[in-house]
Every structure is written in C-alpha cells, then in structure tokens.
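[1] Have a look at this prediction, sequence included:
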Amino acid sequence: CVFASPAASETLKGTWSGGGYVQPKDGEREKVRCRVTYSPQGSSVVAVSATCASASMTIRQSGELSMVSPNRYVGDFYNSEYDISGRIRVNISGSSQTVTFSSGRGGGSLSLSKR
C-alpha cells in the first residue's frame, strides 16, 4: 500500500515558510508571515508546529496531521494562548504547499515553500 510507505510523510518533513492571511470571525483580514515545521510521527502521521506573525501579533500553534492521499493531509490544530482549536488541511505540489485552516473563531490560508 503506497500510504503505508515510510517515505510518505517525508514529503512534508522539514521547515516551510511563506505568507497568507488570517480572518477572525469578528475582525479584519490580516496578512501573516509563517514558518511551519513538520515532524513525521510514523508513516502517515505528522506533527506540525507553526509560528505566524502579523503587524499586530505573533501566533504559535501546534497540531497533528494524517495523510489522506500522497499529497494531502488533514488534521487538527490548537493554539493554547488564545484557546483556539480547529481543522487544518495541507495540499502539497512539488516544493510548495497550500494550507487552509478554520475554527469557530475564524480561518485563513497560507502559501508555503520548502526552505
């Protein structure tokens, strides 16, 4: 099975960076720059740690992703500072990826590239 290959989570492994936006449910859309590190926890599970900065704040969150196809991951994130949790989706295309996230308090999107 291609999904059980130890190399599958290696596609995501490492540090990626880029930018995008966050959109609080009750606020203005804000540009952010992010640095995201992925650490494989097995053949199809990846731990994620992200630090994003906007003009007004720095946000740190962590989570865990599960591979749903060779270039797609879905999982949950948690931000302890703001007590926000939600869903995160990652689509990889070569050395770039699109990350979308949503919670009850807002959402956003990022375009990242491999460092």
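    Thanks, I have it. Numbering: from 1, shown residues only.

[2] can you tell me which residues contact the residue nearest the centre of the chain?
    The centroid of the chain falls nearest to V99 when counting by C-alpha atoms, centre = their mean (5.3 Å). For V99, the contact set (C-beta atoms under 8 Å, 6 or more residues apart in numbering) comprises 20, 36, 88-90, 109-112. Every residue, glycine included, has its C-beta placed from N, CA and C.

[3] mind putting the residues you listed in CSV, distance to S103 included?
    Shown next, in CSV, are the contacts of V99 (distance: C-beta to C-beta, whole Å):
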residue, distance to S103
G20, 15
V36, 17
I88, 10
R89, 13
V90, 16
S109, 13
L110, 15
S111, 20
L112, 19
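
[4] Which among those residues count as buried?
    Buried members of the contacts of V99, scored by 16 or more other C-beta atoms under 10 Å, are 20, 36, 88-90, 109-110, 112.

[5] confidence score at the residue nearest to the centre of the chain?
    Confidence at V99, expressed as pLDDT, is 97.

[6] That one belongs to a strand, doesn't it?
    Yes. Counting by DSSP: H, G, I helix; E, B strand; the rest coil, V99 is located in a strand.
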